[in-house]
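>>> I would like the atomic coordinates for the input below:
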Amino acid sequence: MWRDFLPLGRHSATGGYRRYAWTGADAECREWFRAEAGARGLAYEVDRNGNQWAWLGDPSGRDAVVTGSHLDSVPDGGAFDGPLGVVSSFAALDELRARGAAPRKPLAVVNFGDEEGARFGLACAGSRLTAGQLDPDRARALRDADGVTLARAMEHAGHDPEAIGADPERLARIGAFVELHVEQGRALDLAGRPVGVASAIWPHGRWRFDFRGEANHAGTTRLEDRRDPMLTYATTVLAARKKARLAGALATFGKVRVEPNGVNAIASVVRGWLDSRAADEAVLTEVVAAIKQAARERGARDGVDVTVTRESFTPVVEFAHDLRDRIAALAGADRPVPVLPTGAGHDAGILSAAVPTAMLFVRNPTGVSHSPAESAAEDDCLAGVTALADVLEGLACS
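Presented below is the predicted three-dimensional model:
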C-alpha cells in the first residue's frame, strides 16, 4: 500500500507533496482510498462534506469504532503526515482479519478532506463541517490563491457544495475515533519508544495580519518619505519570535503575500499569516495580543495601517481520559507506552467535542515534519499497525 500511494502528488523538483484539496492530486488520493476499500470488500461511501468512509460491518449501526486520518498535505509536505494514519488503518484491519478477530461493532476507516487547509486557508475543513464547527456559507465562500472558491472547486471535482454542513446523525453512530499519526516532534525518539499515546492538543489558531502602506518607486522615493509595509511586517515577525520565546509558546509567520510584488516597487500591502500555539489558552491569548500591539506600534512609526483577522481557533483538547487510558493499556500490554501532549492540530481534536477520540503516535526519529525530510522507520510503522490493531480489537471485538 505504501509503495502504491507514495508517488501520488509528489513534486519532482522538491521531493515534497502537493496534495491540495479538490485538485487532481487529491482526486488520485481519493481514488486510491476507494480502491483499497474495494479490495477488502468494505462498504464505501462519501459523506455530504466529501469525507471518505470504508466500513466493515453495518454503516448504519451504532457505537462504531472509527480510525483513519487524512491524505492531503501542506505545500511540499512530507510523506507520513496524514497518509501514515490511513495506510496503517487499512493494515490494522488486515491484521485483525489475520488474527481471526470477530468485530462485534461496526469498524470504519475514514479519510477526512482538507485537513491541512493548504489551499483554502482553513485547517480541518472536512471534520469541522461534519462537527458543525464551520458555517457552510463561510466554507463555500473560502477562496484559494487564484480566487477559486471552495464551492467551485468541489463542484468541479464532482461534489455538491450545497450539501455540506453538520452531520450529527453520522457522529451519533460513532462510539470512538482513534487516529494514528506520525509524531511531529522528537519526544518518542528521546524516550526510545516506537509508539505513544496523545494526552492533549495545545490550543492554537491562525491570524491574518494586513499591513497597508503606499506603493512607490524603489529608486526615487526617499527613505524618510516611504510608507513601507514590509518594514512593519518584518518587525512583527521578529516580535512574534521574541514574545513567544518569553512566554514559552510558539509563533510562526509561515505565509506571506505582497502587492504589487515587484522588485523595484515599494509594496502597497503585505499580508502575513501567523500560526500561534501554547500549552495554555490564556498564554496563547497574551502572546497574540502582544504581537498585535507590537505590529500596531511599529505601523504607527512607519505610516502603515495594521488590521488583524482571526481566521481559525481551536481551544485546548483534553482527550477523553477513559478512552485515552484504555488505548494506552491496549497498545502497551507488554510495556507501558508514553503519554504525551502535542502542539499539532488533528481531526481527532475537532471531533473530540462530539465523540470520544484518542490518538496514537509513531516515532519520528528527527522530529522534522511538514517537510520532505519527514521520516519514520519501517519497524516503527509496523509497531504502530500492531498497536492500532490491538486497540481496535479491544474496542470493537471484546
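
>>> give me the neighbour count for R335.
Using other CB atoms under 10 Å, R335 has 7 other residues around it. Any C-beta I mention is one placed from the backbone N, CA and C, and that applies to glycine too.

>>> so which helix or strand takes in it?
Assessed by DSSP states H and E, R335 sits outside every helix and strand.

>>> list the contacts for it?
Residues counted as contacts of R335 (CB atoms under 8 Å, 6 or more residues apart in numbering): none.

>>> and it, what pLDDT?
R335 carries a pLDDT score of 83 in this model.

>>> for it, give me phi and psi.
phi -160, psi 130 (degrees, to the nearest 10).

>>> which residues of the stretch 51-200 of the chain fall in helices?
Secondary structure of the stretch 51-200 of the chain (DSSP state H, counting those that start in this stretch): helices at 83-99, 125-130, 136-141, 150-156, 168-172, 187-191.

>>> turn these into CSV, including mean neighbour count.
Output for the helices of the stretch 51-200 of the chain, formatted as CSV (neighbours: other CB atoms under 10 Å):
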stretch, mean neighbour count
helix 83-99, 22
helix 125-130, 27
helix 136-141, 15
helix 150-156, 19
helix 168-172, 13
helix 187-191, 16
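
>>> mean pLDDT and distance to W22 added to these, as CSV?
Listed next are the helices of the stretch 51-200 of the chain as CSV, based on pLDDT from 0 to 100; distance: least, CB to CB, whole Å:
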stretch, mean pLDDT, distance to W22
helix 83-99, 98, 18
helix 125-130, 98, 10
helix 136-141, 98, 12
helix 150-156, 98, 4
helix 168-172, 97, 21
helix 187-191, 94, 34
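
>>> make a markdown table out of those and add distance to A329.
A markdown table is the format used below for the helices of the stretch 51-200 of the chain (distance: least, CB to CB, whole Å):
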| stretch | distance to A329 |
| --- | --- |
| helix 83-99 | 17 |
| helix 125-130 | 27 |
| helix 136-141 | 38 |
| helix 150-156 | 41 |
| helix 168-172 | 26 |
| helix 187-191 | 18 |
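
>>> how about those, which one is nearest A331?
helix 83-99 (11.5 Å; CB to CB).

>>> which residues touch the closest one?
1-2, 5, 33, 36, 40, 42, 54, 56, 67-71, 103, 107, 109, 111, 179-182, 362, 376, 381, 384-386, 388-389, 392-393, 397.

>>> how about the strands of the stretch 151-300 of the chain, start to end?
174-182, 195-201, 204-212, 216-217, 250-259, 265-266, 269-277 (DSSP state E, counting those that start in this stretch).

>>> any idea of the mean pLDDT in the second one?
Regarding strand 195-201, the rounded mean pLDDT is 94.

>>> would you turn the strands of the stretch 151-300 of the chain into a markdown table with mean neighbour count and distance to G9?
Rendered in a markdown table, the data for the strands of the stretch 151-300 of the chain read as follows (neighbours: other CB atoms under 10 Å; distance: least, CB to CB, whole Å):
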| stretch | mean neighbour count | distance to G9 |
| --- | --- | --- |
| strand 174-182 | 24 | 17 |
| strand 195-201 | 23 | 26 |
| strand 204-212 | 21 | 23 |
| strand 216-217 | 14 | 41 |
| strand 250-259 | 16 | 20 |
| strand 265-266 | 18 | 35 |
| strand 269-277 | 21 | 23 |
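
>>> now distance to G24 too, for these, in a markdown table please.
Shown next, in a markdown table, are the strands of the stretch 151-300 of the chain (distance: least, CB to CB, whole Å):
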| stretch | distance to G24 |
| --- | --- |
| strand 174-182 | 25 |
| strand 195-201 | 31 |
| strand 204-212 | 26 |
| strand 216-217 | 41 |
| strand 250-259 | 23 |
| strand 265-266 | 34 |
| strand 269-277 | 25 |
